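Asks: Dropping a prediction and its sequence here:
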Amino acid sequence: MRSLLAAFLILAAAGCQPRTPASAAENDPRPFAEILAENGLSATDAALAARPQSPETAFQLGAVRFLRAFEVMLQTRYASYRGDVPFLPGMRTPLPGNPKARFDPAFLETALSGALTHLAAAEAALAPALNGEFAASVPLNVVWLDIDQDGRRSDWESLQALLSEMGAAADWQQFDGTIRFDSADAEWLAAYVHMLAGMSELVLSLDPTPAIQTVYEGRTRLERAGAIGASLLFAEDDWIDQAAAVLLTLEGKPDAARTRKALDHFRKMIAHNQKFWPEMMAETDNDHEWLPNPSQTSPFGVTITPELAASWQAVLAEIDDILTGRKLVPYWRAPDNRQGGETGVGVNIRKLMTDPGDMNVVLLIQGAAVAPYLETGQLATMNAWNRFTAMTQSDGLLIALLLN
């Protein structure tokens, strides 16, 4: 399972190439895989966009644009930051050090804003794929990531090399490198587009750049004074810098327009997932599957049982109940909630994301910041999640990320 997740994260973190001249790219008649192998995702994007949008072509174009969102993230990170950010997808992918990297406190804002542009394009491109039947083969073994933006394919930028770096155990001697996606997978991809767009909107609603700037400038002065040693901001052993940046970022009111967009993306993520699972479970073929149903196999060795599928759908249903306000997140200071009852005092997340207030951490813990959103009603529980993690044991979070 870790191997499949690693494969997904690398695929998700794939980059794109510098844009070729429009006339050449848009009139490129070569097969999809050939353009990917020789010219990368940017040229493939232009070529596919110029073609009639059959469901198969639309899925390929949506997938390419989805990957381009992560290209922005990885290229921004490689150019402006030599570490990783543990709390964002695509920002922990192992990369070689860039000795020319120049730290930019706005790197998160730049990366996520750029990602949102490509995610919106991916959403638009996927429409025909969501409304038709298709089968589209995506050759993972021809994908290469121009992370250093030099326009050339280096060995460390190949998908296979990066999968190996992350510990993926696919037998590339036996596996031809191709995954066959079909109509159900279009719903899965659309769900992931919305999940990542929602996460990006949520982070940007908090305006992280000023906080990162403040922490970075303070750390630089401490280093110059000899009070601390030189290290990367957000390095794993420098949790104080991480905590300071996060706490400063949470100060004040988030941008309500962005939190509302995030809420809408998360709701759409659930809706696409609710379509994906019945379609995937009804499939009868068995051909290079990405996420296999109980009668299928995957080149990466993942197994999804009927019980696991039902358990994850229960988790999604409870998340949807929270996002719609049908269930409340228990408020920790309410006495009745400590008894584990089904009803009590809780936070209405839908109201919080629709009209957010001050996110001051002290006031969040004390309760004043959540008081406007407290209601009495049915409470969300951890029951569905606990059943899911019991089935997946220690890989619960990893499998959840894969299944989205």
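Replies: That came in fine, so what should we check first?

Asks: Please report how far the nearest residue to residue 72 once chain neighbours are set aside lies from residue 142.
Replies: Excluding the flanking residues, the one nearest residue 72 by C-beta to C-beta, 6 or more residues apart in numbering is residue 114, at 3.4 Å. The C-beta positions use only the backbone N, C-alpha and C, and glycine is treated the same way. Distance of residue 114 to residue 142, computed by C-beta to C-beta, to the nearest Å: 24 Å.

Asks: One more: residue 383?
Replies: 44 Å.

Asks: what does residue 151 give?
Replies: To residue 142, residue 151 is 17 Å away according to C-beta to C-beta.

Asks: And the two? Which one has more around it.
Replies: residue 142 (19 against 11; other C-beta atoms under 10 Å).

Asks: Quick check, pLDDT for that one.
Replies: On the pLDDT scale, residue 142 is placed at 86.

Asks: got a list of what it touches?
Replies: 33, 36-37, 177 (C-beta atoms under 8 Å, 6 or more residues apart in numbering).

Asks: between these, which is nearest residue 156?
Replies: Residue 156 lies nearest to residue 37 out of these, by C-beta to C-beta, at 16.8 Å.

Asks: so which helix or strand takes in the closest one?
Replies: Under the criterion of DSSP states H and E, residue 37 resides in helix 32-39.

Asks: what's that helix in contact with?
Replies: With C-beta under 8 Å, 6+ apart as the test, helix 32-39 has contacts from 17, 20, 25, 28, 30, 43-44, 47-48, 60, 137, 139, 142-144.

Asks: Sitting in strands, which of those residues do you find?
Replies: 137, 139 (DSSP state E).

Asks: Neighbour-wise, give me the winner out of the contacts of helix 32-39.
Replies: Ranked by the number of neighbours (other C-beta under 10 Å), these place residue 44 first, at 30 neighbours.

Asks: Dihedrals phi and psi, the residue lying closest to residue 321 once chain neighbours are set aside?
Replies: Closest residue to residue 321 apart from its sequence neighbours, by C-beta to C-beta, 6+ apart: residue 327 at 4.0 Å. When read as degrees, to the nearest 10, the backbone of residue 327 gives phi -130, psi 150.

Asks: same deal with the one 4 residues further on?
Replies: Here the main-chain torsion angles of residue 331 (degrees, to the nearest 10) amount to phi -90, psi 130.

Asks: burial of it, as a residue count?
Replies: 18.

Asks: Residue 286 contacts residue 297, correct?
Replies: Yes. If you go by C-beta atoms under 8 Å, residue 286 and residue 297 touch, sitting 6.1 Å apart.

Asks: if we can go back for a sec, so who does the residue nearest to residue 321 touch?
Replies: For residue 327, the contacting residues are 318, 321, 346, 377-380, by C-beta under 8 Å, 6+ apart.

Asks: repeat for residue 270
Replies: By C-beta under 8 Å, 6+ apart, the contact set of residue 270 is 191, 316, 319-320, 323.

Asks: The contacts of helix 32-39: which two are farthest apart?
Replies: 20 and 137 (23.4 Å).

Asks: Narrow the contacts of residue 270 to those in helices?
Replies: Those of the contacts of residue 270 mapping onto helices are 191, 316, 319-320, 323, per DSSP state H.
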